[in-house]
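1. coordinates for the following, if possible.
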Amino acid sequence: MTVSETAAGGRSLEETLERLVADVPDFPEPGVGFKDITPLLADYEGFTQVVEALAAPGRDADGNVSVTKVLGMESRGFILGAPAALHLGVGFVPVRKAGKLPRETHAVSYSLEYGEATLELHTDAVAPGERVLVIDDVLATGGTAAATIELVERCGGVVVGVSVLLELGFLDPRSKLPDTQVHALLVS
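-> Residues are numbered from 1 along each chain as shown. Model prediction:
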């Protein structure tokens, strides 16, 4: 799904993303295409438009907030998820790389498009029954999102959806998220 909401200045969300997200080939390794969002973050109107669009799945059909927490994955998910949580008026929870959280955690290891990683979440970060919106910048293979969903479920929480800036559709990430609502602002 491509969102075509119009921002201040008359630009659609898709136009904003195409203008402000830079493609960097062969980073961090040869053959990997990196999506640089720093120009987007530096643009107040574009950043505001993206935060509002990423937060939208955290509301029901009547516009009421339907989640109790927003989770963001390290590290660009922090940058996007924290302001989305503020926009919704709910708490923000960071999902970190292994060894970065100071208290008892749940951990899940998974495969990336160019390696392996482990994510952790404090065991008390999500209460049983809490409804959670997961936010990240890029949905590539789906491994990071699937691992995050598993962490939320270990806490007893319910993931209502995954909201991402960009989805790399050619990698078929949704196949790893078969029962999850995925909201992508731009699919490439």
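
2. specify the local secondary structure of the closest residue to residue 99 other than its chain neighbours.
-> Nearest in space to residue 99, with sequence neighbours left out and distances taken as C-beta to C-beta, 6 or more residues apart in numbering, is residue 120 at 7.7 Å. Just so you know, the C-beta spots here come from the backbone N, C-alpha and C atoms, and that holds for glycine as well. Secondary structure state of residue 120, per DSSP: H, G, I helix; E, B strand; the rest coil, is strand.

3. run through the bridge partners of residue 120.
-> Residue 120 forms beta bridges with residue 96, residue 107, as assigned by DSSP bridges.

4. residue 85 touches residue 65, doesn't it?
-> No - at 10.4 Å, residue 85 and residue 65 do not qualify as touching, with contact defined as C-beta atoms under 8 Å.

5. tell me which of those two has more neighbours.
-> The neighbour count for residue 85 versus residue 65, taken as other C-beta atoms under 10 Å, is higher for residue 85 (23 against 15).

6. how is the more buried one assigned, secondary-structure-wise?
-> Under the three-state scheme (three-state DSSP), the conformation of residue 85 reads as helix.

7. okay, it: pLDDT?
-> Residue-level confidence at residue 85 comes out at 98, pLDDT.

8. so who does it touch?
-> Going by C-beta atoms under 8 Å, 6 or more residues apart in numbering, residue 85 touches 55, 69-70, 91-92.

9. how much space is there between it and residue 31?
-> Distance, residue 85 to residue 31, by C-beta to C-beta, to the nearest Å: 34 Å.

10. for residue 78, same thing?
-> Distance, residue 78 to residue 31, by C-beta to C-beta: 27 Å.

11. more neighbours: which of the two?
-> The neighbour comparison of residue 78 against residue 31 (other C-beta under 10 Å) goes to residue 78, with 19 against 8.

12. pLDDT value on the more buried one, please?
-> The per-residue pLDDT reported for residue 78 equals 97.

13. now do the one 4 residues further on
-> According to the predicted model, the pLDDT of residue 82 comes to 98.

14. how about the one 10 residues further on?
-> Note on residue 92: pLDDT of 98.

15. wait, doesn't it sit right on residue 68?
-> No - with the criterion set as C-beta under 8 Å, residue 92 and residue 68 do not qualify as a contacting pair; they are 11.3 Å apart.

16. spit out the residues that contact the two alike.
-> Between them, residue 92 and residue 68 share no contacting residue, judged by C-beta under 8 Å, 6+ apart.

17. neighbouring contacts of the lowest-mean-pLDDT helix or strand in the chain?
-> Ranked by mean pLDDT, DSSP states H and E, the weakest helix or strand in the chain is strand 34-36, scoring a mean of 86. Applying C-beta under 8 Å, 6+ apart, the external contacts of strand 34-36 come out as 21-25, 27-28, 137-138, 165-166.
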